[in-house]
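Trainee: build the 3D model from these lines:
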Amino acid sequence: MSVFGIGLAYGIATLLVMFSGMPIAFALGAVAVVFMGIYMPSASLDTVTQNVYEEMASITLLSIPLFILKGAAIGKSRAGQDLYSALHAWLHRVPGGLGVANVFACALFAAMAGSSPATCSAIGSAGIPEMRKRGYSGSFAAGIIAAGGTLGILLPPSITMILFAVAAEKSLGRLFLAGIGPGLLLVTLFGAYAVIRFRREYKAAEAIYKNGGPEGAILTRDEYTLAERFSVLPRVIPFVLLLTGVMIALYGGYATPSETAGLGGLLALALIAAIYSVWRPSDLAPIMKSTIRESTMLMMIIGMSLLYSYVMSYLHISQSVAESIVAMHLPRWELLFAILVMVVVLGFFLPPVSIILMTAPIILPPLRAANFDIIWFGVVMTIVMEMGLIHPPVGLNIFVIRNVAPDIPLREVIWGTLPFVLLMMLAVLLLCFVPGISTWLPDLVMGPDGSR
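Mentor: Numbering: from 1, shown residues only. Next up is the predicted model:
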């Protein structure tokens, strides 16, 4: 059979197994093993476990469970709710300040946890009820938390970026730094939209009230004294200092990513023990279970995805696809557009981890040939994958919101996220026209990157 026929069969088999409901890790592993048995020497089956182990035996990948531990320690405590309360107290005078506070809370929590679902769950469990109580519509409240949660895969320490750095063989520190500028851009866009949307809902409620209708809760303003504002800071500042310390240790060259992740995990455990008295075995059990469950799931996906990519490479599927794309001689921007559309389509069905590990061997060679900055592309691809977390049919954050706020209809949640998908598209366009948004900080801190 030709390489084209094998590649077509490989792709169809993968889709069929995934749509059967089999977990992604086992689906990828099963397809890889079957094609190894059919098209590769029989001795290759004896090395499956060795191949998976060697692919996973990366010091960079070691940081994943440690960052997950840090995120679980913060997410399973009251740190997320306290962070949200503090931001609300300081931003309540801004029109739509509650929505803006949720955006900032998601950004800060994402930077501490590195996980989108964890950010959605931790901030949403406190933020959505508060916004609903103050008259925000269900779609607005759900949309802003779902979109804010996506920042977890863009702002460092992002687990998704760790995997991209491994797949692209690029500096993790440089990639982390490259995500900060676009992350702040998205925070600004989301915050601006929150203000505009609040004013629109406020005017609608005000018009109803002036016409003799009931006074909407959105018309009520909260007031905090200066003493009340400062009283909420003591529990938040230690976690902000933890984030700052971890970033200084990583980018200052004082520790490797794995050492930084371990330091962050231990300090997070120490902080929740000191601040929230979370130190008993019964208190720590949910944190450890969550860490082990999520780490095992991710590492299995990583291992099987790398085996899947290895088989694809051995059978020359990825090389043939890359060569065919190059042979089309598309202008570089049309090439980028085609690849990003493919990522969007994959985002309908797959999580970011699987998209990166499955597509990197195919898309990176043509991008290098077209002289694109791979670090810059990693950031753009991450934002595009963020869209997949909040658009149907398999937007993970949408279902997290449904668990946090079951009273909000799924239709409202989906409509609430669509404006943020458009804002992410705008961010991608801005990055294409002004790539310095993502490259200036890595170049400033680590010097210009000579490789592309």
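Trainee: how close does the closest residue in space to Ser277 that isn't next to it in sequence sit to Ser290?
Mentor: The shortest distance from Ser277 to any non-neighbouring residue, by Cβ to Cβ, 6 or more residues apart in numbering, is to Asp283 (7.8 Å). (Each C-beta comes from the backbone N, C-alpha and C, glycine too.) Distance, Asp283 to Ser290, using Cβ to Cβ, to the nearest Å: 13 Å.
Trainee: circling back to that earlier point, the residue nearest to Ser277 is in what secondary structure piece?
Mentor: helix 281-314 (DSSP states H and E).
Trainee: centre of the chain to the longest helix along the chain, how far?
Mentor: Longest helix in the chain by number of residues, with DSSP state H as the criterion: helix 172-210. Remark: helix 172-210 is offset 17 Å from the chain centroid, using Cα atoms, centre = their mean, to the nearest Å.
Trainee: give me the buried positions along that helix.
Mentor: Across helix 172-210, burial judged by 16 or more other Cβ atoms under 10 Å covers 172-183, 185-187, 189-191, 193-194, 197-198, 201-202, 205.
Trainee: looking at Asp283 and Ser290, which is more packed in?
Mentor: A count of neighbours by other Cβ atoms under 10 Å puts Ser290 above the other of Asp283 and Ser290, at 18 against 15.
Trainee: can you tell me which residues contact that one?
Mentor: Ser290 makes contact with 72, 75-76, according to Cβ atoms under 8 Å, 6 or more residues apart in numbering.
Trainee: and of those, the nearest to Leu444?
Mentor: Closest to Leu444 out of the contacts of Ser290 is Gly75 (31.7 Å), distances taken as Cβ to Cβ.
Trainee: that older thread, which helices and strands sit right next to the helix or strand just after the longest helix of the chain?
Mentor: Per DSSP H and E, helix 172-210 leads on to helix 226-231 as the next helix or strand towards the C-terminus. Helix 226-231 sits against helix 79-91, with contacts defined as 3 or more Cβ pairs under 8 Å, 6 or more residues apart in numbering; DSSP states H and E.
Trainee: could you check how far the residue nearest the centre of the chain is from Gly378?
Mentor: Closest residue to the average C-alpha location of the chain: Ile153 at 2.1 Å, with Cα atoms, centre = their mean. For Ile153, the distance to Gly378 (Cβ to Cβ) stands at 11 Å.
Trainee: pLDDT (mean, whole number) over stretch 92-103?
Mentor: Stretch 92-103 shows a mean pLDDT of 82 in the predicted model.
Trainee: what of stretch 304-314?
Mentor: In the prediction, stretch 304-314 has an average pLDDT of 78.
Trainee: and the angle from the longest helix of the chain to helix 79-91?
Mentor: 60 degrees (axes from the mean of the first three to the mean of the last three Cα atoms, to 10 degrees).
Trainee: off-centre distance for stretch 102-117?
Mentor: Distance of stretch 102-117 from the chain centroid (Cα atoms, centre = their mean) equals 9 Å.
Trainee: now do stretch 112-128
Mentor: The chain centre lies 11 Å from the centre of stretch 112-128; the measure is Cα atoms, centre = their mean.
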